[in-house]
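> need a structure here:
(one chain, ligands or ions: 1)
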Amino acid sequence: MKYAIYQMEVVAADPEENRRRVEEWVTETVKRGDPDTLVLPEMWNTGYALDKLEETADRKEEPSASFLSELAKKHQVNIIGGSIGNKKDGRFYNTNLVFNRAGERVYQYDKIHLVPMLNEPKYLAGGREKVQTFELDGVKMGLIICYDLRFPELARQLALLDAQVLHIVAEWPSARTDHWKYLQLARAIENQFFVVSCNVVGSHEGTDFAGNSMVTDPWGNELAVGSNSGIETLRAELDLSSVEKIREDVPVFDSRVPEMYD
Ligand SMILES: NC(=O)CCC(=O)C(=O)O
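Below is the predicted model of the structure:
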């Protein structure tokens, strides 16, 4: 499966401009290569201007859901739609959306863990639905959002549901770049699946974002890494047969003793 990842700069509180950037990137990226799956970052519509969500956030995933669905259908490409600032049932959420090549929404997830360092608990409600897998082109996959990466239980839950690829969409600050990179390697190695991440660059109100979007294979090899501060398209091709091979060579899942952990 061929990936293209948009390490973008999000304009805080300007969803229209961000949609323009995403549409231009999707069109150019599909024209220049032949990706199967595109990946966008966290909160790509509103950025981290959380005090402006009343004016800028989607309402029940619109207009982002229709926008992404149309792009997926038009270009016949799967889209891991990062996440969006989203209002539903009177509260704001950090909501992920995934679309297949037919433009069908195959997954939706609200970020569970709210990050205190970016004031999320003051403005957002945390999702309370368990993570699930979804399928794109017959491959089982999972997704978590940024701070969720620090909670290994989520990634393990997805591995136990047989995910072959974990996506992480993020706006991770450069103050903790090492954590961002090492935690991804750990999640890939301990769960023996691919980890595909998409972070942003640029800054908002004194917080610089770390770039370093990554593709890591189930052995912990880095197949692609973005720069610290450049707007970039990362491309990588995943050989999904390596998941089974590595799980045979180092049979972690057969060696588990779940009654000792639960
Ligand atoms: N957007 C985020 O969730 C940032 C997470 C973060 O800064 C950290 O875990 O450190």
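> CA only for contacts and neighbour counts going forward, please
OK.
> what about the strands in the stretch 51-200 of the chain?
Along the stretch 51-200 of the chain, the stretches classed as strands by DSSP state E, counting those that start in this stretch are 58-59, 78-88, 91-99, 105-110, 134-136, 139-145, 165-169, 194-198.
> buried sites along the helix or strand residue 5 falls within?
Using DSSP states H and E, residue 5 sits in strand 2-7. By 16 or more other CA atoms under 10 Å, the buried positions in strand 2-7 come out as 3-7.
> and that strand, what does it pack onto?
Applying 3 or more CA pairs under 8 Å, 6 or more residues apart in numbering; DSSP states H and E, one finds that strand 2-7 contacts strand 37-39, strand 194-198, strand 232-237.
> which of those sits most buried?
Mean neighbours per residue, mean count of other CA atoms under 10 Å, is largest over those for strand 194-198, with a mean of 30.
> average pLDDT for that strand, rounded please.
The average of the pLDDT scores along strand 194-198 is 99.
> how about that strand, does it get close to the ligand?
No. Between strand 194-198 and the ligand, judged by CA under 6 Å from any ligand atom, nothing touches; the nearest distance is 11.5 Å.
> what pairs with that strand, parallel or antiparallel?
The strands beside strand 194-198 in its sheet (DSSP bridges) come out as strand 165-169 (parallel), strand 214-216 (antiparallel).
> tell me which of the strands of the stretch 51-200 of the chain sits most buried.
Comparing the strands of the stretch 51-200 of the chain by mean count of other CA under 10 Å gives strand 194-198 as most buried, with a mean of 30.
> could you check the angle that one makes with strand 232-237?
With axes from the mean of the first three to the mean of the last three CA atoms, to 10 degrees applied, the angle from strand 194-198 to strand 232-237 works out at 160 degrees.
> nearest to the ligand within the stretch 101-250 of the chain, name that residue for me.
Residue nearest to the ligand within the stretch 101-250 of the chain: residue 147 (3.7 Å; CA to the nearest ligand atom).
> okay but that residue is in contact with residue 114, surely?
Yes. Using CA atoms under 8 Å, residue 147 is in contact with residue 114, at 7.1 Å.
> follow-up on the earlier one: CSV please, covering the strands of the stretch 51-200 of the chain and showing distance to residue 181.
Shown next, in CSV, are the strands of the stretch 51-200 of the chain (distance: least, CA to CA, whole Å):
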stretch, distance to residue 181
strand 58-59, 30
strand 78-88, 18
strand 91-99, 22
strand 105-110, 23
strand 134-136, 25
strand 139-145, 15
strand 165-169, 12
strand 194-198, 10
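> what's the closest of those to residue 128?
Checking the strands of the stretch 51-200 of the chain against residue 128 by CA to CA gives strand 105-110 as the closest, at 7.6 Å.
> in its sheet, what does the closest one sit against?
Partner strands for strand 105-110, per DSSP bridges, with pairing direction: strand 91-99 (antiparallel).
> quick one: is the partner strand near the ligand?
No. Against the ligand, strand 91-99 shows no contacts by CA under 6 Å from any ligand atom, the least distance being 9.7 Å.
> what residues does that strand touch?
For strand 91-99, contacts defined as CA atoms under 8 Å, 6 or more residues apart in numbering pick out 43, 53, 57, 61, 65, 68-69, 72, 78-87, 105-111, 123-127, 145.
> circling back: want to throw the helices and strands packed on strand 2-7 into a markdown table with distance to residue 212?
Below are the helices and strands packed on strand 2-7 laid out as a markdown table (distance: least, CA to CA, whole Å):
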| stretch | distance to residue 212 |
| --- | --- |
| strand 37-39 | 14 |
| strand 194-198 | 8 |
| strand 232-237 | 10 |
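> so which of these is nearest residue 177?
strand 194-198 (13.2 Å).
> gap between the closest one and the chain center?
7 Å (CA atoms, centre = their mean, to the nearest Å).
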